[in-house]
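Peer 1: would you be able to build a 3D model of this:
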Amino acid sequence: QVQLVESGGGLVQAGDSLRLSCAATGSTFGYAMGWLRQAPGKEREFVAVINWRGGVTKYVDSVKGRFTISRDQAKNMMYLQMNNLKPEDTAVYYCALRRANVISTSTEYDYWGQGTQVTVSS
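Peer 2: Next up is the predicted model:
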């Protein structure tokens with residue numbers, strides 16, 4: 001069993017930065033992890049994914065060049081550095097784990113955190 005807990009969300013202005021963290025308990029060995037988000041009235045969407053060793057990543061086009069996903073295997077942590085935030089980035093951000101080392105834009109994951117709110121004002 002894996003538990004995921006996000007932190008680092010908040011209210012910022014357009015152009016600001018935030019760093020989200022995801023703390024995992026239980027084994028994440030060999031598994032891909034990702035960040036997804038859900039804005040009010042919209043479906044949950046893929047944001048970024050990283051493979052087990054951290055060498056392969058994929059992003060949704062709208063965040064490329066602004067967001068960076070990373071993970072620290074030793075600490076069992078995953079991060080999302082978000083720079084130049086825009087109002088359209090406002091959403092609840094979820095950390096998730098996929099029980100396979102598969103990098104894709106799918107929103108299908110096996111374990112989810114409870115989410116952390118990110119609000120970007122214009």
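
Peer 1: ok, now which ones touch the nearest residue to Ala24 once chain neighbours are set aside?
Peer 2: Sequence neighbours aside, Asn76 is the residue nearest to Ala24 in space, at 4.6 Å (criterion: CB to CB, 6 or more residues apart in numbering). For every residue, glycine as well, the C-beta is placed using N, CA and C. Residues counted as contacts of Asn76 (CB atoms under 8 Å, 6 or more residues apart in numbering) are 23-25, 28.

Peer 1: any stretches of the protein with poor pLDDT?
Peer 2: Nowhere does the chain drop to pLDDT under 70.

Peer 1: centroid-nearest residue for it?
Peer 2: Central residue of the chain (CA atoms, centre = their mean): Trp35, 2.2 Å from the mean position.

Peer 1: now that residue. Nearest residue, chain neighbours left out?
Peer 2: Val47 (4.4 Å).

Peer 1: go on, Asn83?
Peer 2: Ser17 (4.7 Å).

Peer 1: give me the distance between the one you found and Asn84.
Peer 2: Distance, Ser17 to Asn84, by CB to CB, to the nearest Å: 7 Å.

Peer 1: likewise Met33?
Peer 2: Distance from Met33 to Asn84, by CB to CB: 23 Å.

Peer 1: Glu88 - how many residues pack around it?
Peer 2: Neighbours of Glu88 under the rule other CB atoms under 10 Å: 11.

Peer 1: would you map the strands across the protein?
Peer 2: Listed from the start of the chain, the chain has strands (DSSP state E) covering 3-7, 10-13, 18-25, 32-38, 45-50, 57-59, 67-72, 77-82, 91-98, 111-112, 116-121.

Peer 1: format these as JSON lines; extra columns: distance to Thr105.
Peer 2: Output for the strands of the chain, formatted as JSON lines (distance: least, CB to CB, whole Å):
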{"stretch": "strand 3-7", "distance to Thr105": "19"}
{"stretch": "strand 10-13", "distance to Thr105": "26"}
{"stretch": "strand 18-25", "distance to Thr105": "18"}
{"stretch": "strand 32-38", "distance to Thr105": "9"}
{"stretch": "strand 45-50", "distance to Thr105": "5"}
{"stretch": "strand 57-59", "distance to Thr105": "6"}
{"stretch": "strand 67-72", "distance to Thr105": "13"}
{"stretch": "strand 77-82", "distance to Thr105": "16"}
{"stretch": "strand 91-98", "distance to Thr105": "12"}
{"stretch": "strand 111-112", "distance to Thr105": "17"}
{"stretch": "strand 116-121", "distance to Thr105": "20"}
